[in-house]
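S.K.: Predicted structure and sequence below. I'll ask about it afterward.
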Amino acid sequence: QVQLVESGGGLVQAGGSLRLSCAASGRTFSNYAMFWFRQAPGKEREVVASISGRGGRIYYKDSVKGRFTISRDNAKSTLYLRMNSLKSEDTAVYYCAAGRVAGLWSPGAEYDAWGQGTQVTVSS
């Protein structure tokens with residue numbers, strides 16, 4: 001089993017940037033496709049981005065394309081989400097998850113592990 005811990009959230013003004021990290025421990029990190037999800041107050045959890053085990057396949061939700069960049073460092077067992085040009089609608093708790101196949105799957109699909117989440121608040 002893999003364990004995931006997110007960090008890097010915080011309060012930022014609209015137009016600003018943040019970088020989230022997700023540190024993995026346990027099983028071999030490169031064996032997992034990785035995902036970033038978010039959940040805003042009163043809304044369902046949604047997938048934001050996904051990356052395959054070796055980073056060759058990357059997927060983004062349409063609303064974050066061109067602003068967010070998902071990446072991974074398998075040597076450090078760490079997943080990243082660089083978020084630029086942040087908007088108030090990006091405010092949410094952000095979660096990382098480990099799964100089998102990269103893609104924009106629903107949060108109800110099967111995942112091997114979830115992190116505890118990190119709050120991102122964008123002030124307008």
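M.R.: Nice, thanks for sending it over.

S.K.: Tell me which residue lies farthest from the centre of this protein.
M.R.: S124 (22.4 Å; C-alpha atoms, centre = their mean).

S.K.: Which parts of the chain are helices?
M.R.: Applying DSSP state H to the chain gives no helices.

S.K.: So for it, the centremost residue is which one?
M.R.: W36 (2.2 Å).

S.K.: Who is it paired with across the strands?
M.R.: A49, C96 (DSSP bridges).

S.K.: I figured it was touching V93, is that so?
M.R.: No: using C-beta atoms under 8 Å, W36 is not in contact with V93, being 11.3 Å away. For glycine as for every other residue, the C-beta is placed from the backbone atoms N, C-alpha and C.

S.K.: tell me the pLDDT at Y60?
M.R.: The model reports Y60 with a pLDDT of 98.

S.K.: Setting aside sequence neighbours, what's the nearest residue to it?
M.R.: A49 (5.0 Å; C-beta to C-beta, 6 or more residues apart in numbering).

S.K.: give me the number of residues near that neighbour?
M.R.: A count of nearby residues for A49, using other C-beta atoms under 10 Å, gives 24.

S.K.: Look up how far G16 lies from it.
M.R.: A49 is 19 Å from G16, where distance means C-beta to C-beta, to the nearest Å.

S.K.: that older thread, residues contacting the residue farthest from the centre of the chain?
M.R.: Contacts for S124 (C-beta atoms under 8 Å, 6 or more residues apart in numbering) come out as 13-14, 88.
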